[in-house]
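[1] return atomic coordinates for the entry below.
(chains A and B)
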Amino acid sequence: MTDSLTIADRTFASRLIVGTGKYSSHAVMTRAHQASGTEMVTVAIRRVNISDRAQESLLDHIDTDQIALLPNTAGCYTAADAIRTAHLGREAGLSNWVKLEVIGDDKTLFPDNEALLDATRRLVADGFVVLPYTNDDPIACRKLEEAGAAAVMPLGAPIGSGLGVQNPNNLRIIKAGAGVPVIVDAGVGTPSDAAIAMEIGVDGVLMNTGIAGADDPVAMARAMRLAVEAGRLGYLAGRIPRASYATASSPLEGVLGR
Amino acid sequence: MSRVLWRFSALLQYAQEIVKITLNGDPFELSRPVTVDALLRRLEIDSRRVAVEYNLAVLKRAAYESTIVSDGDKVEIVNFVGGG
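    Numbering: from 1, shown residues only, chains lettered A, B, ... in the order given. Got it, this is the predicted structure:
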């Protein structure tokens, strides 16, 4: 069965995008990436530590022949900073893809949708493939798509919260209206959270803390991989309608004693 | 008198050669203007793993050897770190 995910000009067999932050070591991260089956990982862009050059490069631990890099603009609170960071990421990674974040508030890390839309327009004009992290708001997603986003990435719940999909109906509405892939980004804590997102019919899931923060990140990475696959298969298989009352699974005829 | 003048000119020359830049947000001194390429080598940074912003504009790799860092310049050197 071919059921691949295409974003812009790239096709992925895996529908799971994972992060590279918060791992206890680079070795654990590499093994988690392998176990997740991911073909794209997010990376952040930060100043090089000038006084301590002993640090290993993150890129030494990512098999970039198999795994695409998706630079993010995490930590940016203005469109200008996000655009500046995206340009640096393009130069460092030699790829024009960006996971665009413009944060509006440091407590919730919810996006500033107005600035996000502005940054999306400008980066699309600069030739970027823009994947914006956004609210689970169908109108915001529609505007981002109209601005040229290659995918929309509504949150399931606040970043790192592990609360799971808080508003499945909004995701359903977003997916129904979207002409670009919908990736649920943020909030996934358990494999069932990932499966719920995929069962709604979204195109993929992006997570970092849900894997990196688990007691055994490598095992959780595999669980998330299976959950994304199971959720996707369940969606494609077509679920039964919900009903308030029972429908017997066994024949009603020939029951003993009746 | 000529001795005083000589000292003064030497001092002036020295003062001219101290290059004060802002590197990743902090003050940084160089003994003379250098290319971005030379700066990266001096800092022991693999140029293939970073991106450089020179006075708020992203610098293409091809320009590392031709761009001279001089007094008052702002240089940012970034790389990829773990993130979500």
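[2] show me which helix runs longest in chain A.
    helix A:217-237 (DSSP state H).
[3] what helices and strands are in contact with the lengthiest strand in chain B?
    The strand that spans the most residues within chain B, counting by DSSP state E, is strand B:74-82. Counting contacts by 3 or more CB pairs under 8 Å, 6 or more residues apart in numbering or on different chains; DSSP states H and E, strand B:74-82 packs against strand A:40-47, helix A:79-93, strand B:19-23, helix B:36-42, strand B:50-54. (C-beta placed from N, C-alpha, C; glycine too.)
[4] which among those is found nearest to residue A:193?
    strand A:40-47 (18.2 Å; CB to CB).
[5] which elements pack onto the closest one?
    Using 3+ CB pairs under 8 Å, 6+ apart, the elements in contact with strand A:40-47 are strand A:16-18, strand A:68-71, helix A:79-93, strand B:74-82.
[6] please work out which of these is packed deepest.
    Of all the helices and strands packed on strand A:40-47, strand A:16-18 carries the top mean neighbour count, a mean of 29, counting by mean count of other CB atoms under 10 Å in any protein chain shown.
[7] tell me how far that one lies from the chain's centre.
    Chain-centre distance of strand A:16-18: 6 Å, with CA atoms, centre = their mean, to the nearest Å.
[8] could you give the average pLDDT over that strand?
    Mean pLDDT, computed over strand A:16-18, is 98.
[9] the helix or strand following that strand vs helix A:217-237, what angle?
    Later in the chain than strand A:16-18, the nearest helix or strand by DSSP states H and E is helix A:26-36. Per axes from the mean of the first three to the mean of the last three CA atoms, to 10 degrees, the angle that helix A:26-36 makes with helix A:217-237 is 20 degrees.
[10] and chain B, is the helix or strand hosting residue A:122 touching that?
    If you go by DSSP H and E, residue A:122 is part of helix A:113-125. No - residues of helix A:113-125 contacting chain B under CB under 8 Å from any CB of the partner chain: none, with a closest distance of 13.0 Å.
[11] any idea of the mean pLDDT in that helix?
    Mean pLDDT, computed over helix A:113-125, is 98.
[12] wait, which of the helices and strands packed on strand B:74-82 is closest to residue A:66?
    Of the helices and strands packed on strand B:74-82, the one closest to residue A:66 (CB to CB) turns out to be strand A:40-47, at 10.1 Å.
[13] which ones are touching the most centrally placed residue in chain B?
    Centroid check for chain B by CA atoms, centre = their mean gives residue B:69 as the closest residue, at 4.1 Å. Contacts for residue B:69 (CB atoms under 8 Å, 6 or more residues apart in numbering or on different chains) come out as B:19, B:21, B:30, B:33-36, B:39, B:54, B:75.
[14] got a quick PyMOL command for the buried subset of those?
    Buried members of these, defined by 16 or more other CB atoms under 10 Å in any protein chain shown, are picked up in PyMOL with:
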select buried, chain B and resi 19+21+30+34+36+39+54+75
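[15] export the contacts of residue B:69 to CSV and tack on pLDDT and distance to residue A:144?
    CSV is the format used below for the contacts of residue B:69 (pLDDT from 0 to 100; distance: CB to CB, whole Å):
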residue, pLDDT, distance to residue A:144
B:19, 94, 44
B:21, 96, 39
B:30, 93, 44
B:33, 94, 44
B:34, 95, 43
B:35, 96, 41
B:36, 97, 36
B:39, 96, 39
B:54, 96, 32
B:75, 97, 34
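[16] leaving aside the residues adjacent along the chain, what's closest to residue A:213?
    Nearest non-adjacent residue to residue A:213, counting by CB to CB, 6 or more residues apart in numbering or on different chains: residue A:22, 6.0 Å away.
[17] where in the chain is pLDDT low?
    If you meant another chain, say so; for now it's chain A. For chain A, applying pLDDT under 70 flags the ranges A:1, A:53-55.
[18] correction: the question concerned chain B.
    In chain B (pLDDT under 70), the answer is B:1-16.
[19] can you rerun that using 80?
    B:1-17 (pLDDT under 80).
[20] count of neighbours near residue 49?
    Because you didn't say which chain, this covers chain A. For residue A:49, the count of nearby residues is 13 (other CB atoms under 10 Å in any protein chain shown).
[21] to clarify, I was referring to chain B.
    16.
[22] let me see the contact set for it.
    Contacts for residue B:49 (CB under 8 Å, 6+ apart) come out as A:57, A:59, A:92, B:79-80.
[23] still on that earlier bit, so the residue nearest to residue A:213 makes contact with residue A:210?
    No - counting by CB atoms under 8 Å, residue A:22 does not reach residue A:210; the two are 10.3 Å apart.
[24] comparing these two, which shows the higher neighbour count?
    Using other CB under 10 Å, the more surrounded residue of residue A:22 and residue A:210 is residue A:210, with 30 against 16.
[25] for that one, which non-adjacent residue is spatially closest?
    Excluding its sequence neighbours, the residue lying closest to residue A:210 (CB to CB, 6+ apart) is residue A:188, at 4.6 Å.
[26] dump the residue contacts of that neighbour.
    By CB under 8 Å, 6+ apart, residue A:188 lies in contact with A:156-157, A:162, A:164-165, A:194, A:197, A:205, A:207, A:210, A:224.
[27] do you know how far the closest residue to residue A:32 other than its chain neighbours is from chain B?
    Sequence neighbours aside, residue A:221 is the residue nearest to residue A:32 in space, at 4.1 Å (criterion: CB to CB, 6+ apart). Shown here: residue A:221 relative to chain B, a distance of 14 Å by CB to the nearest CB, to the nearest Å.
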